[in-house]
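Participant: Task: produce atomic coordinates for the following.
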Amino acid sequence: MNGKRDLVPNIVLGVALVGVLVFAGAYLLTGGTSIGGNIALGLAGVALLVYVFLRPAEVKSGLTSRQARYGGNTLLMTIIFIAIIVLVNFLSTKQFKRWDLTAEKKYSLSPETTEILKGIKSPITALNFSTGQSGGARSDTAILLDQYRAVTNQFQVQTIDPEAQPALARQYGVQYDGTLVLAMGGKNVTVSSPTESDITAAILKMTRTTQPVVYFTTGHGERDWSDSGNTGYSDAKDGLGRDGFEIKPLMLATTNTVPVDASVIVVAGPRIPFQPAEVDLLRSYLARGGRLMLMVDSSLGAKEKLGHLGLGSLLNDWGIAIPDDFVLDVVSSQVTDPSVVIAQNYGSSPITSKLTNIPVILPLARSIALTTTAPANVTETALVRTTDQSWGATDLTAVLNGFNSGSFPGPGPQDAKGPLNLAVSAENSQTKGRLVVVGTANMAANAVSRQGANFDLFLNSINWLAEQESQLNIRAKPFETRQLVPTPGMTIQIFGITVVLTPLAVLVVGALVWWRRR
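Facilitator: You can find the predicted model right below:
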C-alpha cells in the first residue's frame with residue numbers, strides 16, 4: 001500500500017516534467033508560444049501543485065537544505081545571465097549595427113547607395129514577398145534589406161508570405177516567390193531579382209520627380225550602346241539605367257535642334273568627322289548651359305588620321321585641344337604593353353574625389369591638352385594624368401610597327417613628354433555649360449569597363465554633367481568568390497602538417513606524460 005502511495009507523487013512529478021519538455025519543444029519548433037504548448041505548461045503547473053500537496057515535508061526539507069541553497073544561488077546566477085543576454089539582444093534590435101569582415105565586403109552597401117539612402121525624404125517600405133522556400137536567395141535578400149534599413153529609418157522592411165496573403169500579392173501584381181516591391185506614397189516599383197544595384201535603381205526611380213535623359217550621338221561610327229561585344233557599350237547603358245537615366249539616340253544630321261529634354265549628350269568614339277552644321281548645334285547647346293561628354297579614339301591602325309573629328313573649333317572655345325598622338329607609359333602600364341595605361345593620378349574634382357588608390361585602365365589613349373585660350377569664365381580641371389615617364393607618340397606608323405615587332409620606339413623630339421592629361425573637365429560659370437573630354441572611348445567599352453575605376457569614372461562624369469551629385473561615388477561591384485588553388489609545394493606542406501606532424505606531436509606528448517608517470 002505504501003508502495004502505491006509513493007508511486008503516485010512520482011507519476012505526478014513525471015507529468016510535470018513531461019509538460020515542461022513539451023512546452024519547450026513546441027516553443028523551439030514554432031518560434032513562439034502555441035495552444036498545445038500552453039496547455040502542456042498549464043498541466044505541468046497543476047502537477048507541481050499536486051506534488052507539493054502530496055509531499056509537503058519533502059518539498060520543505062529540499063528547499064531549506066544546504067544543497068538547495070547552493071542550487072538556488074546557481075539558479076539565480078543563471079537567471080541573471082539569461083536576463084543579460086535577453087537585454088543585449090533587445091538593445092541590438094533597437095540599435096542595429098554590423099561589421100563586415102569579408103575581404104570582398106559582400107555584406108556592405110556601396111558608398112553610392114549609402115549616400116542615396118541618406119537623402120531619402122519620404123518613408124519607403126520594402127515588401128519582401130517570400131514563402132521561405134526560396135532558400136539562399138531569400139536569405140541573401142533579407143540580409144541585403146537589413147543593410148538598407150540600418151542606414152536610414154526612412155527605409156522599412158516587411159516580409160510577406162504570398163501564399164498566406166494571396167490578396168495582397170495580387171494587389172501588387174506579385175507572381176513569383178522572392179519578388180520585392182518598393183512602396184512610397186502612391187508609387188510602387190517591382191524588383192524581380194533583388195540585388196543592390198537593382199534596389200538602388202528602383203529607389204532612384206521612385207524618388208526622382210523627373211528622369212534625366214542621356215543622348216548618344218549616331219551617324220559617325222560611334223560605339224553602339226546596344227552592342228554586348230568587347231567594343232560595345234551595353235554595360236555602360238545598363239549602368240546609366242541603374243543610375244536612373246533614360247538613354248536615347250541622337251542623329252544631329254537629321255535635326256536642326258538638340259532635344260529640350262537632353263540632360264547630357266555623349267559622343268563615344270566617332271570615326272567620321274562631324275559636319276559644320278552638327279558642330280554648330282552642339283556649340284549652341286553648350287552655350288545654353290548644355291552638357292557634353294566626348295570620348296575620342298586613337299588614329300592608330302585607322303585608314304586616315306582622326307584628328308579632331310571636326311570638333312577642334314568647339315573644343316578650342318573651351319581651351320582644349322586633342323593632339324593626334326598615342327600615349328605610351330613605360331612605368332604605369334600593363335606588363336609588356338605600354339599602350340594600356342594604368343593611371344591613378346587624379347585631379348581635384350567631384351568626379352574623381354572618391355576614386356583614390358583605385359586605378360583607371362585606359363587602352364590606346366590620346367592625350368588631352370589644355371591651351372591658354374580658354375575664356376576667363378571657363379574653369380578647366382585635369383581629371384586623370386599619366387606619370388612623368390610617359391609620352392604622346394605622334395609617329396603612329398613607328399608605333400604600329402612596334403606593336404608588330406614587340407619593340408616600342410622611345411619618345412621623339414616632337415612628342416609631348418609626361419605627365420599628360422588623359423581626361424579633363426571644363427565648366428562655364430556664366431552659361432553653366434559643362435564638358436568632359438576623355439582620350440579613349442575604350443574606357444567604357446565592355447572589355448574593360450568593369451576593371452579598376454573605369455565604370456565609376458564614366459558614370460561619375462555623366463552624373464557630374466547632369467548635376468546628380470548624390471551619385472558621384474563608387475558603385476557596387478559584382479561579388480566574385482575568391483578561390484585558393486594550392487601549388488604542389490603548398491599541398492605537401494598542408495599534408496605534412498595535418499597528417500604527419502600533428503599526430504606525431506600528440507604521440508610524443510603522450511609518451512612523455514606516460515614516461516614521467518611511470
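Participant: What count of nearby residues applies to residue 278?
Facilitator: As a burial measure, residue 278 scores 20 neighbours (other C-beta atoms under 10 Å). All C-beta atoms are positioned from the backbone trio N, CA, C, and that covers glycine.
Participant: Name the nearest residue to it, ignoring sequence neighbours.
Facilitator: Closest residue in space to residue 278, ignoring its immediate chain neighbours: residue 252 at 4.0 Å, by C-beta to C-beta, 6 or more residues apart in numbering.
Participant: Contact partners for the residue nearest to residue 233 when sequence neighbours are not counted?
Facilitator: Among residues not flanking residue 233 along the chain, residue 225 sits closest, at 4.1 Å (C-beta to C-beta, 6+ apart). Residue 225 makes contacts with 216, 232-234, 236-237, 247, 268, as judged by C-beta atoms under 8 Å, 6 or more residues apart in numbering.
Participant: Among those residues, which ones are in helices?
Facilitator: Per DSSP state H, helices hold the following members of the contacts of residue 225: 234, 236-237.
Participant: which among the residues you listed gets closest to residue 312?
Facilitator: Nearest to residue 312 among the ones in helices among the contacts of residue 225: residue 236, at 25.8 Å, using C-beta to C-beta.
Participant: just checking, the closest one touches residue 458?
Facilitator: Yes: between residue 236 and residue 458 a contact is recorded at 6.1 Å, counting by C-beta atoms under 8 Å.
Participant: list residues touching both of the two?
Facilitator: 444, 449.
Participant: Contact partners for residue 255?
Facilitator: Taking C-beta under 8 Å, 6+ apart as the criterion, residue 255 is in contact with residue 281.
Participant: typo on my end, it should be residue 412
Facilitator: Applying C-beta under 8 Å, 6+ apart, the residues near residue 412 are 393-395.
Participant: low-confidence ranges in the stretch 401-518 of the chain?
Facilitator: Scanning the stretch 401-518 of the chain for pLDDT under 70 picks out the ranges 470-490, 518.
Participant: residue ranges for the strands of it, please.
Facilitator: For the stretch 401-518 of the chain, applying DSSP state E, counting those that start in this stretch gives strands covering 416-417, 421-428, 434-438.
Participant: and what of the stretch 1-150 of the chain?
Facilitator: Per DSSP E, counting those that start in this stretch, the stretch 1-150 of the chain carries strands over the ranges 124-129.
Participant: Dump the strands of the stretch 401-518 of the chain into CSV; add mean neighbour count and distance to residue 38 as well.
Facilitator: What follows is those, written out as CSV (neighbours: other C-beta atoms under 10 Å; distance: least, C-beta to C-beta, whole Å):
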stretch, mean neighbour count, distance to residue 38
strand 416-417, 14, 84
strand 421-428, 24, 69
strand 434-438, 26, 68
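Participant: Including distance to residue 147, could these go into CSV?
Facilitator: Below are the strands of the stretch 401-518 of the chain laid out as CSV (distance: least, C-beta to C-beta, whole Å):
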stretch, distance to residue 147
strand 416-417, 47
strand 421-428, 33
strand 434-438, 32
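Participant: So which of these is nearest residue 388?
Facilitator: strand 416-417 (7.5 Å).
Participant: hmm, who's touching that closest one?
Facilitator: For strand 416-417, the external contacting residues (C-beta under 8 Å, 6+ apart) are 323, 325, 367, 369, 388, 390-392, 411.
Participant: for that strand, the distance to its chain's centre please.
Facilitator: Chain-centre distance of strand 416-417: 38 Å, with C-alpha atoms, centre = their mean, to the nearest Å.
Participant: try stretch 413-422
Facilitator: What separates the centre of stretch 413-422 from the centre of its chain is 36 Å, taken as C-alpha atoms, centre = their mean.
Participant: And for stretch 356-375?
Facilitator: With C-alpha atoms, centre = their mean as the basis, stretch 356-375 stands 27 Å off its chain's centre.
Participant: Let me know the helix or strand that residue 214 is in.
Facilitator: In the assignment (DSSP states H and E), residue 214 maps to strand 213-217.
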